[in-house]
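**Student:** No letters, just coordinates:
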Ligand SMILES: Nc1ncnc2c1ncn2[C@@H]1O[C@H](COP(=O)(O)OP(=O)(O)OP(=O)(O)O)[C@@H](O)[C@H]1O
C-alpha cells in the first residue's frame with residue numbers, strides 16, 4: 001500500500017531523514033516509534049507531500065511528488081493539531097471533507113461523538129478535538145491513514161473506542177501508520193514496528209517476526225515441574241524459572257516438548273512470554289548510541 005524507499009529529507013540544509021525505507025501493506029498497522037526529534041513527524045509530513053524529499057514514496061504504486069498529490073486522495077491523516085475550523089460545529093467540519101453522508105454518519109457513530117456533534121468546535125475539550133481529528137482522518141474510506149500520536153488527550157473509554165475503530169478499519173484493508181510514545185498502547189493494535197533514530201530506520205519488524213526471534217521465551221507449565229527441570233538439565237536444555245513457570249527459549253522449545261512427551265509429562269500451559277518491545281527498543285537505542293560515541 002505505502003512504500004517508502006531511500007527517502008532523504010533536508011530542512012535548512014540539515015539532514016533530518018537519511019535513506020529511510022519501509023513498507024505499510026494493506027491491512028497492516030505499523031507503529032512508528034523513536035526518541036524525541038527522531039524524525040517521526042517529518043517522515044509523516046513527507047509522505048503527505050508537505051516536505052521536499054529525494055527518494056521514492058508510492059501509495060498504491062502511485063508516486064507522491066512535490067507537485068503530484070493525486071495518490072493522496074486515498075489517504076486520511078491527523079498530524080500534530082487537527083485542522084479544525086473553530087467556529088463551525090463538529091458536523092460542519094466533517095461535512096466540509098465528506099464525500100458520502102452515510103460514511104460520515106458511520107464514522108461519527110464509530111468514534112462516538114454524537115453527543116457534541118452540533119456544538120462549535122471552539123468549545124471542544126482536547127480529547128473531543130482529537131476525536132474529531134481522527135474522525136476527519138477516517139472519512140471517505142481511506143486506503144491509508146496516518147496518525148501522529150492519536151491517543152493524545154483521550155480518556156480511557158475513548159482510547160478503547162479508537163483502538164477498536166483502528167482494528168476494524170485495518171481488518172477491512174485500510175493500512176495505518178501510527179506514531180506514539182505510548183508503546184504499551186501501540187502494542188495493542190500494531191502488526192509491525194518501525195523504529196526511527198536520528199532520522200534513520202534502525203528496526204523494521206512485524207510483531208510476528210519479533211515473537212519468533214531466538215531470544216523470545218516461552219513459559220511452560222507441566223504436571224510435574226521438578227521432573228521437568230531434571231529432564232531439561234539432563235538433556236542440557238537451558239531454562240530459567242519465573243514463579244511456577246519454566247522459561248525456555250524459542251530455539252529450544254521444540255526439543256523441550258519432545259523430552260516432556262517421551263517421559264509422559266503433560267503440558268498444562270505453553271505460551272510465548274509477552275513481547276517486550278520496550279526492552280528491545282531501549283537496548284537497540286543504547287547500542288546505537290555506543291556506536292556513535
Ligand atoms: N521546520 C523545521 N525547521 C527546522 N528543523 C526542523 C523542522 N521540522 C523538524 N525539524 C527538526 O527535525 C528533527 C525531527 O523532528 P520531528 O518533529 O520529525 O521529530 P519527532 O520524531 O516527531 O519528535 P517528537 O517525538 O518529539 O514529536 C528535529 O531535530 C527537529 O528539530
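**Tutor:** Looks like it arrived, so ask away. What you are looking at is a predicted structure, and each value in this text was computed from that prediction instead of being measured. Numbers count the residues shown, from 1 in each chain.
**Student:** Check the closest residue to residue 119 other than its chain neighbours and give its pLDDT.
**Tutor:** Leaving aside its sequence neighbours, residue 119 sits nearest to residue 89 (C-beta to C-beta, 6 or more residues apart in numbering; 6.1 Å). Every residue, glycine included, has its C-beta placed from N, CA and C. Looking at residue 89, its pLDDT is 95.
**Student:** For the stretch 51-200 of the chain, which residues are neighbours of the ligand?
**Tutor:** By C-beta under 6 Å from any ligand atom, no residue of the stretch 51-200 of the chain approaches the ligand.
**Student:** Where do the strands of this protein begin and end?
**Tutor:** Ranges of strands within the chain are 2-11, 14-24, 29-33, 54-59, 62-63, 75-78, 144-148, 175-179, 192-197, 200-206, 217-222, 240-242, 245-249, 267-272, based on DSSP state E.
**Student:** Quick check: residue 43 touching residue 148?
**Tutor:** No - at 10.2 Å, residue 43 does not count as touching residue 148 under the criterion of C-beta atoms under 8 Å.
**Student:** Looking at these two, which is more packed in?
**Tutor:** Per other C-beta atoms under 10 Å, whichever of residue 43 and residue 148 has more neighbours is residue 43, with 29 against 20.
**Student:** Let me know how buried residue 172 is, in neighbour terms.
**Tutor:** Other residues close to residue 172 by other C-beta under 10 Å number 10.
**Student:** now do residue 81
**Tutor:** Residue 81 has 11 nearby residues by other C-beta under 10 Å.
**Student:** what's the closest non-adjacent residue to residue 245?
**Tutor:** residue 219 (4.0 Å).
**Student:** what does residue 143 give?
**Tutor:** That would be residue 74: by C-beta to C-beta, 6+ apart, it lies 4.1 Å from residue 143.
**Student:** just residue 17 next, same as before
**Tutor:** Nearest non-adjacent residue to residue 17, counting by C-beta to C-beta, 6+ apart: residue 9, 3.9 Å away.
**Student:** got it, and residue 32?
**Tutor:** Per C-beta to C-beta, 6+ apart, closest to residue 32 is residue 179, 4.3 Å.
**Student:** about what we covered before: the residue nearest to residue 17: what's it in contact with?
**Tutor:** 15-17, 39, 42-43, 46, 51-53, 199 (C-beta atoms under 8 Å, 6 or more residues apart in numbering).
**Student:** can you redo the residues you listed as CSV with pLDDT?
**Tutor:** CSV is the format used below for those (pLDDT from 0 to 100):
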residue, pLDDT
15, 93
16, 94
17, 95
39, 94
42, 95
43, 96
46, 93
51, 90
52, 90
53, 93
199, 94
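**Student:** ok, of those, which come out buried?
**Tutor:** Buried by 16 or more other C-beta atoms under 10 Å: 16-17, 39, 42-43, 46, 51, 53, 199, out of the contacts of residue 9.
**Student:** Appreciated, that's everything.
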